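Asker: I would like the atomic coordinates for the input below:
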Amino acid sequence: MSYLPCVEVETQSDVTASVIWLHGLGADGHDFEPIVPELRLPASLGARFVFPHAPTIPVTINGGMVMRAWYDILSMSIEREIDEEQILKSSAAITQLIEREIERGIDSKRIVLAGFSQGGAVAYQTALSYDKPLAGLMTMSTYFATKDTIQVNPANQSLPIHVFHGTADPVVPEILGQQAVQTLQELNFKPAYKTYPMQHAVCPPQIADISQWLQSVLA
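Answerer: Next up is the predicted model:
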């Protein structure tokens, strides 16, 4: 089987958990690699961080420029007009990575899916429709692109979810994060939501909160 190319970082030689973390538009799998040591995870938590590279495709909102993207964005309106076929294709590719972690000996209940911006939209689709229970879903500075079409799998109806957003985000306005939380609540999830006085980014207090949350869902 052909998998997406990935950057991998293991915090210990004895790996018992996996975090599959998706980057945003125009970035790549190296984008969040430096965060791993900043998380300061305890030695008892042996985690494998998997940072996949999105494929390179033309992106309409950037004048058709070819870049790494999980799907094409056709319009930057608040409704975010996207290519849904491409987001489902990316979701299928991430599902393959989840299955590979299981084949490598990681229980699905020890696998976290995380995503920033565009990667977060793919993470929503993938985690909530996956047919085995996961450890958690973490989304950052993103939106729920497939909220009107998602088919939640009962296996993840009780999935722990944490949504993070910047209050001054000019790329993905905070209202989209709030709407995602509202949709999740309407789907009977109980997401945690936390904001920071930042733009479209990740900040040190957030990294500390991410570490705490990862430790809680992977305890």
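Asker: Helices along this protein, start to end?
Answerer: Using DSSP state H, the helices found in the chain span residues 35-38, 84-103, 118-129, 174-186, 204-217.
Asker: For P197, find the nearest of those.
Answerer: Among those, the nearest to P197 by Cβ to Cβ is helix 204-217 (9.6 Å). The C-beta positions use only the backbone N, C-alpha and C, and glycine is treated the same way.
Asker: So what's the gap between the closest one and the chain middle?
Answerer: For helix 204-217, the distance from its own C-alpha centre to the chain's C-alpha centre is 14 Å (Cα atoms, centre = their mean, to the nearest Å).
Asker: Who are the packing partners of it?
Answerer: Secondary-structure packing of helix 204-217 (3 or more Cβ pairs under 8 Å, 6 or more residues apart in numbering; DSSP states H and E): helix 35-38, strand 136-140, strand 161-166, strand 192-196.
Asker: Now do the longest one against helix 204-217, angle only.
Answerer: If you take axes from the mean of the first three to the mean of the last three Cα atoms, to 10 degrees, strand 161-166 sits at 180 degrees to helix 204-217.
Asker: So for strand 161-166, mean pLDDT?
Answerer: Throughout strand 161-166, pLDDT has a mean value of 98.
Asker: out of the helices and strands packed on helix 204-217, deepest packed?
Answerer: strand 136-140 (a mean of 26; mean count of other Cβ atoms under 10 Å).
Asker: Direction included, what does that one pair up with?
Answerer: Here strand 136-140 is paired, per DSSP bridges, with strand 111-116 (parallel), strand 161-166 (parallel).
Asker: circling back: let's have the helices and strands packed on helix 204-217 in JSON lines, adding distance to S108.
Answerer: Below are the helices and strands packed on helix 204-217 laid out as JSON lines (distance: least, Cβ to Cβ, whole Å):
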{"stretch": "helix 35-38", "distance to S108": "22"}
{"stretch": "strand 136-140", "distance to S108": "12"}
{"stretch": "strand 161-166", "distance to S108": "16"}
{"stretch": "strand 192-196", "distance to S108": "21"}
